[in-house]
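Predicted model follows, preceded by the sequence.
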Amino acid sequence: MTRSYSAKILLVGYEDIALGAITTTFKSSTISGYDSHITTLTPEDRTSYPWFNEYWQDKFKCDLPGKID
């Protein structure tokens, strides 16, 4: 019998190495209200969130004018 508790996608291509290994992963859960909060943010909010420039540019495949790296 095989039991799997880890994220299988991380083992793709390494099955021969991982055979018989005991692996673990982090427990995660949904944060109530996070999705609705994140989708209301705009570039004007970026001073409150140092990570926001990178998020926005990656999400919308653009460059923000006057961006702070």
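Now that the structure is in, tell me what you want to look at.

residues near Ala18, how many?
The number of residues packed near Ala18 is 15, by other C-beta atoms under 10 Å. C-beta coordinates here come from the backbone N, C-alpha and C atoms, glycine included.

Neighbours of the closest residue to it other than its chain neighbours, how many?
Computed as C-beta to C-beta, 6 or more residues apart in numbering, the closest residue to Ala18 that is not its neighbour in sequence is Leu11, at 4.8 Å. Using other C-beta under 10 Å, Leu11 has 15 other residues around it.

hang on, Leu11 packs against Leu19?
No. The pair Leu11 / Leu19 is not scored as a contact, 9.6 Å apart, by C-beta atoms under 8 Å.

Buried residues of the lowest-mean-pLDDT helix or strand in the chain, list them for me.
For the chain, using mean pLDDT, DSSP states H and E, the weakest element among its helices and strands is helix 15-18, scoring a mean of 80. Within helix 15-18, no residue counts as buried by 16 or more other C-beta atoms under 10 Å.
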